[in-house]
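Trainee: Generate coordinates for the sequence data below:
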Amino acid sequence: MEKIKFIFLSLVLNSFAWAENFSVGSTSLWEESKFSAPDTYASGYAPLFVNLQSGASKIALIALVALVAIFAFHYFVFGSKKFSHNGERVLAFSGFERLIHFVAAISWVVLVPTGLIMLFGKSFGGGLAGVCKCLHQIATIGFGVAIIPMFLMWVVKMFPSAYDIKWLAILGGYLSKTKKPVPAGKFNAGQKMWFWVAILGGGVMIASGALMYFSDYYAASSTQILGLNGLEALRLSATLHTILGIVCVVFFIVHIYMSVFGVKGSISSMIDGYKCEEEIYLLHNYWYQNLVKQGKMQKSQFESQYKNL
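Mentor: Prediction:
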C-alpha cells in the first residue's frame, strides 16, 4: 500500500514538472500542415482550425495534470472500494462480450498515447510522432471492428434512467468511505456516459480520421463533402477530431482509474466475466433486485447489513 501511494505521489509531482516543460513551445504537427495555408487563414473554418490547434495541446495538458491530481487526492483521501469475494458470483459478461471489450480496450490503450504524442508534435520529435501515426491508424481499425458489436450488445442497457440522476448527485458514492447501496443498474451513470462518448465520439473520430488519412486526395480535389470543399472538410474533420479526442482521453483515463484503482478487483469481471455478490448488491442495487426477481440470483446475505434502495 505504501509503495502504491509513493507511486501516486511521484506521478503528481512529475506531472507538474512535465507540464512546466511542455508549457512553452509545445506545437502540434497539425499547426504547420497544409491545412493552415496562410492565404486561407480568414476563410471558412480556417480561424477556428488555427486557433484550436494552437491551444489544443495546452488544453490536453491541463486536463491530464488535473486528472492525475484528482485521482491522487481521491486515492489518498478515500481509497479504493473493496468488496468481499465470498458468496454468490454472477456471470455479468459473456465470452463474446469480453472478447469485443478486449479488442476495444487494447485499441484505446494504443489510440490514447499515440494521439497525445501526435498532438504535442514537435515536443516529442517528428520521428516518434510518425511511428505513432502508423500505430494510431492500425488501432483505429481494431476499434472500428469492435464498435458495432459493442453498440448492439449494450445499447439497450445504456439509455439513461431516472436513478442515474441520483447516482450523479452522489458521484456513485465514491466520495465516501462508507459502503451502502447506490442507485445503478448493470451499468452506472458514469459507465453510460463513457459508452456514448466512446461509441458516438469514437464513430465520428473514425470518420474524421479516415478523411484526414486521404488528405492528399481531398485537399487538392474539387470533391464536395457535406457541402464543403476538400480543404474545408479536412479542417472541420481535424477540428472535430481534436475536440473529441481530448474528451475521449479524459473519459478513458477516468474509466481506467475506476476499473483498476477506484473499485479494487473490478477489472476481473472483464477477464472471467463474473461479479461478486457484495459488489453487485452495493454498486448495482437495481440490477441486483432485477436478478432476484428473475430468479437469476438468490437474495443476498448483505441485505441483513444494508437496505435495498
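
Trainee: what's the offset of the helix or strand hosting residue 109 from the middle of its chain?
Mentor: Secondary structure assigned from DSSP states H and E places residue 109 in helix 95-120. Distance, stretch centre to chain centre, for helix 95-120: 9 Å (CA atoms, centre = their mean, to the nearest Å).

Trainee: would you list every one of the helices in the stretch 1-150 of the chain?
Mentor: Here the stretch 1-150 of the chain has its helices, by DSSP state H, counting those that start in this stretch, at 2-22, 46-77, 95-120, 126-154.

Trainee: So for the second one, mean pLDDT?
Mentor: By that I understand helix 46-77. Across helix 46-77, the average pLDDT comes to 78.

Trainee: Tell me where the model's unsure across the stretch 1-150 of the chain.
Mentor: For the stretch 1-150 of the chain, the stretches flagged by pLDDT under 70 are 1-55, 121-126.

Trainee: Residue 183 - that's part of a helix, no?
Mentor: No. Going by DSSP: H, G, I helix; E, B strand; the rest coil, the assignment for residue 183 is coil, not a helix.

Trainee: Would you point out which residue is most central in this structure?
Mentor: residue 252 (1.9 Å; CA atoms, centre = their mean).

Trainee: and that residue, how far is that from residue 70?
Mentor: Going from residue 252 to residue 70 by CB to CB, to the nearest Å gives 15 Å. For every residue, glycine as well, the C-beta is placed using N, CA and C.

Trainee: Of the helices of the stretch 1-150 of the chain, which stretch is the most buried?
Mentor: Ranked by mean neighbour count under mean count of other CB atoms under 10 Å, these are led by helix 95-120, which reaches a mean of 18.

Trainee: and the angle for that one with helix 126-154?
Mentor: On the basis of axes from the mean of the first three to the mean of the last three CA atoms, to 10 degrees, helix 95-120 is oriented at 150 degrees to helix 126-154.

Trainee: by contact count, what packs against helix 95-120?
Mentor: helix 46-77, helix 126-154, helix 230-257 (3 or more CB pairs under 8 Å, 6 or more residues apart in numbering; DSSP states H and E).

Trainee: nearest to residue 177, of those helices?
Mentor: Closest to residue 177 of those is helix 46-77 (CB to CB; 8.7 Å).

Trainee: hey, where'd the helices end up in the stretch 151-300 of the chain?
Mentor: 162-169, 189-196, 202-213, 215-220, 230-257, 277-283, 285-293.

Trainee: right, and those - which one's nearest residue 130?
Mentor: Per CB to CB, nearest to residue 130 of the helices of the stretch 151-300 of the chain: helix 202-213, 14.0 Å.

Trainee: elements contacting the closest one?
Mentor: helix 126-154, helix 230-257.

Trainee: Include distance to residue 181 when you put those into TSV, please.
Mentor: Below are the helices and strands packed on helix 202-213 laid out as TSV (distance: least, CB to CB, whole Å):
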stretch	distance to residue 181
helix 126-154	23
helix 230-257	22
